[in-house]
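# Model the structure of this input:
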Amino acid sequence: GGAVSVLGLIAAAGVMAAAAAALGAEFLMDRPQPSMLVFLALGDAVAVMAGVVLVSLVAMARAPGWSRWRRLHHAAFAVALAALAASLLNWDLAFGGAF
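Next up is the predicted model:
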């Protein structure tokens with residue numbers, strides 16, 4: 001879930017960058033481009049998935065049979081995803097973008 005949303009966000013950023021390069025100033029001055037709208041929607045998805053992954057830390061702490069490495073990996077991913085979501089929220093690229 002979380003990794004897929006991040007990969008989708010990266011892909012949308014690439015498509016958005018290609019559209020911006022092709023359209024130039026029209027990309028920003030005309031109407032919202034579909035690639036920008038998709039990017040903003042995926043920013044919302046990343047923020048939601050960050051919340052889900054952070055909540056899953058509680059279940060992970062109680063889960064039997066998880067190795068230390070697996071717990072550390074899950075916790076590190078949760079923190080990194082939360083940091084990305086915080087950045088997206090701070091820049092108004094999730095839940096409040098300009099369009």
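# now the protein, which segments are flagged as low pLDDT?
Across the chain, the ranges flagged by pLDDT under 70 are 25-30, 97-99.
# buried ones in the lengthiest helix in the chain?
If you go by DSSP state H, the chain has its longest helix at helix 34-62. Across helix 34-62, burial judged by 16 or more other CB atoms under 10 Å covers 35-36, 38-40, 42-50, 53-54. Any C-beta I mention is one placed from the backbone N, CA and C, and that applies to glycine too.
# Quick one: list the elements packing against it.
On a contact count with 3 or more CB pairs under 8 Å, 6 or more residues apart in numbering; DSSP states H and E, helix 34-62 meets helix 2-23, helix 68-90.
# Which single one of the buried residues of helix 34-62 is nearest to residue 83?
Nearest to residue 83 among these is residue 50, at 8.6 Å by CB to CB.
# if I look at that closest one, how far off is residue 15?
To residue 15, residue 50 is 22 Å away according to CB to CB, to the nearest Å.
# ditto for residue 57
Residue 57 is 32 Å from residue 15, by CB to CB.
# and the residue most central in space within the chain, what does it touch?
The residue lying closest to the centre of the chain (CA atoms, centre = their mean) is residue 46, at 3.0 Å. With contact set as CB atoms under 8 Å, 6 or more residues apart in numbering, residue 46 has these partners: 2, 5-6, 9, 81, 84-85, 88, 94.
# hmm, try it at 10 Å
2, 5-6, 8-9, 81, 84-85, 87-89, 93-94 (CB atoms under 10 Å, 6 or more residues apart in numbering).
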